[in-house]
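# Sequence first, predicted model second:
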Amino acid sequence: MDNPLDGILPDFSFGGAEFTALWQKLIAALWAIGILVAIGYLIFGIVAMSGASGETNPNPQAHSQGRRKAVWAGIALASLAGLAIIVGAVLTFASPAVASI
């Protein structure tokens, strides 16, 4: 059986230039909000770590929780910063797999 999708590529310009500009701005805004949220969580995690590491009243459990928050926020921030590269890599590696079906 032949692949019915052979030669068909996604086209996001179906709604015209105004629609294309609108959805691109919307995606960019959501991406920027995600980056800002990740930065906020990273700051809160670092502050929690520093507050729990004080010389007067050290708290290893609170430091560990703050570190966990900071690590996950850092991973999220790195993923959001490299989102275009990640999506491009997935599409690059998925294209040969889909073409061979």
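Thanks, I have the structure now.

# State the distance from the most centrally placed residue in the chain to residue 87.
The chain has residue 80 as the residue nearest its centroid, 3.0 Å off, counting by CA atoms, centre = their mean. Noted for residue 80: a distance of 12 Å to residue 87, by CB to CB, to the nearest Å. In short, each C-beta sits where N, CA and C put it, glycine included.

# Can you point out the buried residues in whatever helix or strand residue 64 lives in?
Element membership of residue 64, judged by DSSP states H and E, is helix 60-81. Going by neighbour count (16 or more other CB atoms under 10 Å), the buried part of helix 60-81 is 63, 66, 67, 69, 70, 73, 74, 76, 77, 80.

# Can you give me every residue that contacts residue 52?
58, 59, 60, 61, 62, 63, 65, 66 (CB atoms under 8 Å, 6 or more residues apart in numbering).

# The second one: neighbour count?
So that's residue 59. Neighbour count for residue 59, taken as other CB atoms under 10 Å: 14.
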